[in-house]
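J.: dropping the sequence and predicted coords here.
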Amino acid sequence: MGSMVTVPGTRGEMPVYLARPEGEGPWPGVVIVHDASGMGTDLRGQAEWLAGAGYLTAAPDLYYWGRRAACMFRFLREAPLGDVDAVRDHLAGRTDCSGRIGVIGFCMGGGFALMLAPGHGYSVASVNYGALLPGVADPALEQACPIVGSYGGRDYLLRGAAERLRRTLTAGGVDHDVKEYPDAGHGFLNDHAKDDVPVPMRIIAGLTGTRFHDVSARDARERILTFFARHLRQDG
């Protein structure tokens, strides 16, 4: 099981769920950028999954400085890349981290993973139903680290996003694995506990078809781990 640590953020001490693999390190690191729901059972579960695969995993609560609604508004207005980079720096400075670090994000966190892929010191990025955010032009991604992307064919919020990302990365010569799952909708890798999601967000999820899809999630996780192993492990 993981434990909570604190990392100095841009607005004070930031809680971070840290999950360590079994055995002795050093291990490659992974930073998780959560979706709109923030810190909860699903985020900790994602960290435990990656730790079980041999990655020192840090999942920050990026809503640490205020109410969820206010923090979410800031997310959409100005991505908190400084906070995410602070977590990356924390991992890089640990003796149990190899220094090779990846980033994985979900939904709006997937959008941030795209923003972090070029020029932020990551060796690999996993983008899950994340779209390019304002201020990030397609050409910027031509300088990105390798990217593994997963999207749902029934995600009506992000029609065409997978193909657009694939074309951009191909044009830039960026190593990538981008796949769209025809039976999955938005959020298919996130299995949130009901109490972790506010009622308004549950209503929106129902209207947009946002839900966990087990078959697609299992395949996406296998692809993510294969891609991470190639780019994060010293012998990969």
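T.: Sure thing, it's come through. Numbering: from 1, shown residues only.

J.: which secondary element of the protein has the worst mean pLDDT?
T.: Within the chain, no helix or strand scores below helix 199-208, which has a mean of 62 by mean pLDDT, DSSP states H and E.

J.: buried residues, the helix or strand just after it. List them.
T.: Reading on from helix 199-208 to the C-terminus, the next helix or strand found by DSSP states H and E is helix 214-232. Within helix 214-232, the residues scored as buried using 16 or more other CB atoms under 10 Å are 216-217, 220-221, 223-225, 227-229, 231-232. Just so you know, the C-beta spots here come from the backbone N, C-alpha and C atoms, and that holds for glycine as well.

J.: same thing with stretch 153-164?
T.: Those would be 154-155, 158, 161-162, for stretch 153-164 by 16+ other CB under 10 Å.

J.: so of those residues, which ones are in strands?
T.: Nothing among those maps onto strands, per DSSP state E.

J.: Serialize those residues to CSV and add fields for pLDDT and distance to residue 110.
T.: What follows is these, written out as CSV (pLDDT from 0 to 100; distance: CB to CB, whole Å):
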residue, pLDDT, distance to residue 110
154, 93, 17
155, 93, 11
158, 91, 9
161, 91, 10
162, 94, 11
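
J.: next, format these as JSON lines and append distance to residue 87.
T.: Compiled in JSON lines, these are given as follows (distance: CB to CB, whole Å):
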{"residue": "154", "distance to residue 87": "32"}
{"residue": "155", "distance to residue 87": "27"}
{"residue": "158", "distance to residue 87": "26"}
{"residue": "161", "distance to residue 87": "26"}
{"residue": "162", "distance to residue 87": "27"}
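
J.: what is the nearest of those to residue 184?
T.: Residue 184 has its nearest neighbour among the buried residues of stretch 153-164 in residue 154, at 6.3 Å by CB to CB.

J.: I figured the closest one hits residue 210, correct?
T.: No - contact criterion CB atoms under 8 Å: residue 154 and residue 210 do not qualify, at 10.1 Å.

J.: what sits in contact with each of those two?
T.: Shared contacts of residue 154 and residue 210, defined by CB atoms under 8 Å, 6 or more residues apart in numbering, are found at residue 185.

J.: from residue 51, how far off is residue 146?
T.: Using CB to CB, to the nearest Å, residue 146 is found at 21 Å from residue 51.

J.: now residue 122
T.: Relative to residue 51, and taking CB to CB, residue 122 is found at 18 Å.

J.: who has more neighbours, those two?
T.: Neighbours were counted for residue 122 and for residue 51 using other CB atoms under 10 Å; residue 122 has more, 27 against 20.

J.: you'd agree that one is in a strand?
T.: No - per DSSP: H, G, I helix; E, B strand; the rest coil, residue 122 lies outside any strand segment and is coil.

J.: list the contacts for it?
T.: Residue 122 touches 31, 88, 101-103, 116, 145, counting by CB under 8 Å, 6+ apart.

J.: in the chain, which spans are strands?
T.: Using DSSP E, the strands found in the chain span residues 3-9, 12-19, 27-33, 56-60, 97-106, 124-128, 147-152, 176-181.

J.: now render those strands as CSV, adding distance to residue 188.
T.: Compiled in CSV, the strands of the chain are given as follows (distance: least, CB to CB, whole Å):
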stretch, distance to residue 188
strand 3-9, 28
strand 12-19, 22
strand 27-33, 17
strand 56-60, 19
strand 97-106, 10
strand 124-128, 8
strand 147-152, 5
strand 176-181, 7
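
J.: and residue 84, which of these is closest to it?
T.: Closest approach to residue 84 among the strands of the chain is made by strand 27-33 (5.9 Å; CB to CB).
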